[in-house]
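Undergrad: Got a predicted structure here, sequence first:
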Amino acid sequence: MIIFLYSIAAAVVLIYLPFLVVAYARVRIGKEMLATPRAMFDKLPPYAQRATWAHQNTFEAFMVFAAAALMAYVSGVNSFTAQVAAIAFVVARFLYSIFYILNIPPLRSLMFAIGMLGSTTLIFLSIIQATN
(Lines give C-alpha, C1' and ligand atoms only; values in the text may rest on other atoms or scores of the structure.)
Protein backbone atom coordinates (compact mmCIF):
# COMPACT_ATOMS: atom_id res chain seq x y z
CA MET A 1 0.00 0.00 0.00
CA ILE A 2 1.41 3.33 -1.06
CA ILE A 3 -0.10 4.95 2.08
CA PHE A 4 2.77 3.45 4.11
CA LEU A 5 5.39 5.16 1.95
CA TYR A 6 3.51 8.46 2.01
CA SER A 7 3.16 8.26 5.77
CA ILE A 8 6.91 7.70 6.14
CA ALA A 9 7.56 10.77 3.97
CA ALA A 10 5.12 12.83 6.06
CA ALA A 11 6.77 11.60 9.26
CA VAL A 12 10.14 12.80 7.95
CA VAL A 13 8.69 16.29 7.50
CA LEU A 14 7.26 16.17 11.02
CA ILE A 15 10.75 15.69 12.44
CA TYR A 16 11.69 19.20 11.35
CA LEU A 17 8.50 21.13 12.13
CA PRO A 18 9.39 21.67 15.82
CA PHE A 19 12.84 22.79 14.72
CA LEU A 20 11.26 25.73 12.88
CA VAL A 21 10.14 27.02 16.28
CA VAL A 22 13.67 26.57 17.60
CA ALA A 23 15.09 28.41 14.58
CA TYR A 24 12.70 31.30 15.20
CA ALA A 25 13.86 31.55 18.82
CA ARG A 26 17.51 31.37 17.78
CA VAL A 27 17.04 34.28 15.39
CA ARG A 28 15.47 36.30 18.18
CA ILE A 29 18.43 35.60 20.48
CA GLY A 30 20.88 37.04 18.01
CA LYS A 31 23.80 36.34 15.73
CA GLU A 32 26.35 35.89 18.50
CA MET A 33 24.74 32.55 19.32
CA LEU A 34 25.22 31.15 15.79
CA ALA A 35 28.82 30.20 16.57
CA THR A 36 27.76 27.89 19.41
CA PRO A 37 24.18 26.74 18.74
CA ARG A 38 24.18 23.93 21.30
CA ALA A 39 25.52 26.18 24.03
CA MET A 40 22.59 28.52 23.66
CA PHE A 41 19.99 25.94 24.71
CA ASP A 42 19.80 27.36 28.23
CA LYS A 43 19.19 30.83 26.79
CA LEU A 44 16.23 29.72 24.69
CA PRO A 45 12.77 30.62 25.95
CA PRO A 46 10.83 27.69 27.47
CA TYR A 47 8.67 27.16 24.37
CA ALA A 48 11.82 26.75 22.23
CA GLN A 49 13.35 24.35 24.75
CA ARG A 50 10.18 22.25 24.55
CA ALA A 51 10.35 22.45 20.75
CA THR A 52 13.91 21.09 20.93
CA TRP A 53 12.71 18.17 23.03
CA ALA A 54 9.79 17.55 20.66
CA HIS A 55 12.24 17.58 17.73
CA GLN A 56 14.50 15.05 19.46
CA ASN A 57 11.64 12.80 20.50
CA THR A 58 10.24 12.82 16.99
CA PHE A 59 13.51 11.34 15.70
CA GLU A 60 13.12 8.50 18.21
CA ALA A 61 9.49 7.80 17.33
CA PHE A 62 10.25 7.99 13.61
CA MET A 63 12.70 5.10 13.76
CA VAL A 64 10.09 2.73 15.14
CA PHE A 65 7.38 3.97 12.79
CA ALA A 66 9.56 3.79 9.68
CA ALA A 67 10.44 0.18 10.49
CA ALA A 68 6.79 -0.65 11.17
CA ALA A 69 5.51 1.01 7.99
CA LEU A 70 8.19 -0.66 5.88
CA MET A 71 7.33 -4.00 7.46
CA ALA A 72 3.69 -3.46 6.49
CA TYR A 73 4.64 -2.42 2.97
CA VAL A 74 7.03 -5.31 2.36
CA SER A 75 4.78 -7.96 3.89
CA GLY A 76 1.82 -6.75 1.82
CA VAL A 77 -0.47 -5.68 4.62
CA ASN A 78 -3.59 -4.35 2.95
CA SER A 79 -6.23 -3.52 5.51
CA PHE A 80 -8.24 -0.54 6.61
CA THR A 81 -6.84 -0.97 10.12
CA ALA A 82 -3.27 -0.64 8.85
CA GLN A 83 -4.13 2.47 6.86
CA VAL A 84 -5.77 4.05 9.89
CA ALA A 85 -2.74 3.13 12.02
CA ALA A 86 -0.35 4.81 9.59
CA ILE A 87 -2.45 7.95 9.28
CA ALA A 88 -3.07 8.04 13.04
CA PHE A 89 0.67 8.01 13.67
CA VAL A 90 1.25 11.00 11.41
CA VAL A 91 -1.64 13.01 12.83
CA ALA A 92 -0.76 12.11 16.42
CA ARG A 93 2.89 13.07 15.97
CA PHE A 94 1.91 16.40 14.43
CA LEU A 95 -0.34 17.14 17.41
CA TYR A 96 2.30 15.79 19.80
CA SER A 97 4.71 18.52 18.77
CA ILE A 98 2.06 21.21 19.05
CA PHE A 99 1.00 20.08 22.52
CA TYR A 100 4.63 19.76 23.61
CA ILE A 101 5.48 23.29 22.48
CA LEU A 102 2.30 24.68 24.05
CA ASN A 103 3.11 22.78 27.28
CA ILE A 104 -0.04 20.67 27.52
CA PRO A 105 1.37 17.43 29.02
CA PRO A 106 -1.83 15.31 29.17
CA LEU A 107 -2.60 15.83 25.49
CA ARG A 108 1.06 15.43 24.56
CA SER A 109 1.14 12.08 26.37
CA LEU A 110 -2.10 10.99 24.70
CA MET A 111 -0.66 11.78 21.25
CA PHE A 112 2.52 9.89 22.13
CA ALA A 113 0.43 6.85 23.07
CA ILE A 114 -1.67 7.04 19.90
CA GLY A 115 1.48 7.27 17.79
CA MET A 116 3.05 4.28 19.47
CA LEU A 117 -0.21 2.34 19.12
CA GLY A 118 -0.11 3.08 15.39
CA SER A 119 3.44 1.75 15.08
CA THR A 120 2.70 -1.28 17.22
CA THR A 121 -0.41 -2.07 15.20
CA LEU A 122 1.58 -2.02 11.97
CA ILE A 123 4.21 -4.33 13.44
CA PHE A 124 1.64 -6.85 14.63
CA LEU A 125 -0.32 -6.77 11.38
CA SER A 126 2.93 -7.31 9.47
CA ILE A 127 3.87 -10.32 11.57
CA ILE A 128 0.39 -11.80 11.14
CA GLN A 129 0.54 -11.21 7.39
CA ALA A 130 4.01 -12.75 7.11
CA THR A 131 3.03 -15.87 9.04
CA ASN A 132 -0.07 -16.53 6.92
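TA: Nice, thanks for sending it over. Numbering: from 1, shown residues only.
Undergrad: use CA for all of it now, contacts and neighbours both
TA: OK.
Undergrad: so where's the longest helix in this protein?
TA: Scanning the chain for the helix with the most residues, using DSSP state H, yields helix 46-75.
Undergrad: That helix - what's its average pLDDT?
TA: The average pLDDT within helix 46-75 is 96.
Undergrad: Repeat that for stretch 5-14.
TA: The model assigns stretch 5-14 a mean pLDDT of 96.
Undergrad: Count residues in the vicinity of L125, would you?
TA: As a burial measure, L125 scores 21 neighbours (other CA atoms under 10 Å).
Undergrad: That one contacts Y73, doesn't it?
TA: No - contact status for L125 versus Y73: not in contact, 10.7 Å apart, counting by CA atoms under 8 Å.
Undergrad: Let's check: the centremost residue of this structure is which one?
TA: T58 (3.7 Å; CA atoms, centre = their mean).
Undergrad: hang on, the earlier thing: check which helices and strands the next helix-or-strand element following the longest helix of the chain sits against.
TA: Per DSSP states H and E, helix 46-75 leads on to helix 80-101 as the next helix or strand towards the C-terminus. Applying 3 or more CA pairs under 8 Å, 6 or more residues apart in numbering; DSSP states H and E, we find helix 80-101 packed against helix 2-29, helix 46-75, helix 105-131.
Undergrad: quick one, which of those is nearest to V90?
TA: Nearest of those to V90, taken as CA to CA: helix 2-29 at 6.0 Å.
Undergrad: mind listing what's buried in the closest one?
TA: Neighbour counts over helix 2-29 (16 or more other CA atoms under 10 Å) mark 3-5, 7-8, 11-12, 14-19, 21-22, 25-26 as buried.
Undergrad: ok and that helix relative to helix 105-131, angle-wise?
TA: Angle of helix 2-29 versus helix 105-131, following axes from the mean of the first three to the mean of the last three CA atoms, to 10 degrees, is 150 degrees.
Undergrad: other SSEs contacting helix 2-29?
TA: If you count contacts as 3+ CA pairs under 8 Å, 6+ apart, helix 2-29 packs onto helix 46-75, helix 80-101.
Undergrad: Format those helices as a markdown table; extra columns: distance to S119.
TA: Putting the helices and strands packed on helix 2-29 into a markdown table (distance: least, CA to CA, whole Å) gives the following:
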| stretch | distance to S119 |
| --- | --- |
| helix 46-75 | 5 |
| helix 80-101 | 7 |
